[in-house]
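Q: Quick one, structure for this:
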Amino acid sequence: MNPINAQIQLVSRPQGEPTLDNFKLVEAAVPELAEGQVLIRNHFLSLDPYMRGRMNDGKSYAQPQPLNEVMMGGTVGEVVASKNAAFSVGDKVVGMGGWQQYFVVDANQRGVIQKVDTTHIPLSAYLGAVGMPGVTAWYGLVKIINPKAGETVVVSAASGAVGSVVGQLAKARGARAVGLAGGADKCRYVVEELGFDACIDYKEHRDLKSLSAALKAACPDGVDGYFENVGGMILDAVMLRANAFSRVAMCGMISGYNGEPIPMSAPQLILVNRMKFQGFIVSEHMDVWPEALKELGGMVATGKLKFRESVAEGLDSAPEAFLGLLKGKNFGKQLVKLV
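A: Purely as a prediction, here's the structure:
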């Protein structure tokens, strides 16, 4: 008898801030496997800010999340049944399994699932530092900011899954790393555990003048590279401290994910400082993933790249954990543990 699969579906589009009512927990029988397919039991589910954008029905770089279907998302798990010669029961895999306990996939499709080695790297890390967030950090830092030794790199959301990796990679390349994070505990972690040179608690600086002064103190030689996850006043403050020919990797703008306007207070600084702003979507750069994952995996396996996880227990906790992520309640990579 096939197992029953619990799933979380998106059942309505949010009007402004999302709520628990936008989601629904449903159950369905796991289908019989056809030739070439594998059945995977998800162990961990990834929650990421980009999912908020997909909940809307508007035009974006990714297709909207369909209503009354399983929420899309990255997963790591274990093959529990296989009708594909390339995958055996017990194999650990990473893929886009969605917000559900089980998923069936045609493993003949190239790249839909990848085997992973958990000898030296924890399974959950393949959703964080050695997964999409890590590669996102790597691409924005290495390919866009490309810091030289001695330059200053600033990163917002510095204690999060992406930002924490950006700073550590910058330090490995001889740059200064300055973070912005919400709360004294997060800032302490960024400096003492992750090795950033400084971290500014944006909750202590509620206006542009105060935040800009804090950045000036932390970046006495100005800002050469900025990894943007937030937007809004934080971007304005960084631009006031930007050096000539500084580079900005535009990864996320979480301050506007619920439809809030995100005005820029001094766009003329882009011209005055000859700044380069480049947005990027990491899934469009699959050619660099092997290079990025080799460095990230090696650093995690040898303890040179540190990471932290916020883990919610059980599939039914996913919607609330996701809403918390959008408000910055997580500390590090937000996961849901399913096994």
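Q: Tell me if I'm right that L67 and V11 touch.
A: Yes - L67 lies in contact with V11 (Cβ atoms under 8 Å); the separation is 6.3 Å. Yep, even glycine has a C-beta here, placed from its N, CA and C like the rest.
Q: quick one: contacts of the longest helix along the chain?
A: Assignment by DSSP state H gives helix 289-301 as the longest helix of the chain. Helix 289-301 is contacted from outside by 120-121, 125, 129-130, 134-135, 138-139, 142, 165, 168-169, 172, 304-305, 307, using Cβ atoms under 8 Å, 6 or more residues apart in numbering.
Q: Keep only those of those that are in helices.
A: Those of these mapping onto helices are 134-135, 138-139, 165, 168-169, 172, per DSSP H.
Q: which one of those residues is nearest K59?
A: Nearest to K59 among those is Y139, at 23.5 Å by Cβ to Cβ.
Q: what about that closest one, how many residues close to it?
A: Neighbours of Y139 under the rule other Cβ atoms under 10 Å: 22.
Q: Kindly report the same for S265.
A: Counted with other Cβ under 10 Å, the neighbours of S265 add up to 14.
Q: Please determine how far it is located from A34.
A: As defined by Cβ to Cβ, to the nearest Å, S265 lies at a distance of 57 Å from A34.
Q: Stretch 49-61: which residues count as buried?
A: Counting neighbours by 16 or more other Cβ atoms under 10 Å, one finds that the buried residues in stretch 49-61 are 49-56.
Q: picking up where we left off before, tell me the buried residues within the ones in helices among the contacts of helix 289-301.
A: Judged by 16+ other Cβ under 10 Å, buried ones among the ones in helices among the contacts of helix 289-301: 134-135, 138-139, 165, 168-169.
Q: And these, which two are furthest apart?
A: The most distant members of these, if one measures by Cβ to Cβ, are Y139 and Q168, lying 14.9 Å apart.
Q: what sits against I121?
A: Per Cβ under 8 Å, 6+ apart, neighbours of I121: 130, 297, 300-301.
Q: brain fart, Y226
A: So Y226 contacts 145, 153-156, 235, 238, 242, 246-249 (Cβ under 8 Å, 6+ apart).
Q: sec struct for it, please.
A: strand (DSSP: H, G, I helix; E, B strand; the rest coil).
Q: Distance check, it against P66.
A: Noted for Y226: a distance of 35 Å to P66, by Cβ to Cβ.
Q: By mean pLDDT, which helix or strand of the chain comes out lowest?
A: helix 50-54 (a mean of 91; mean pLDDT, DSSP states H and E).
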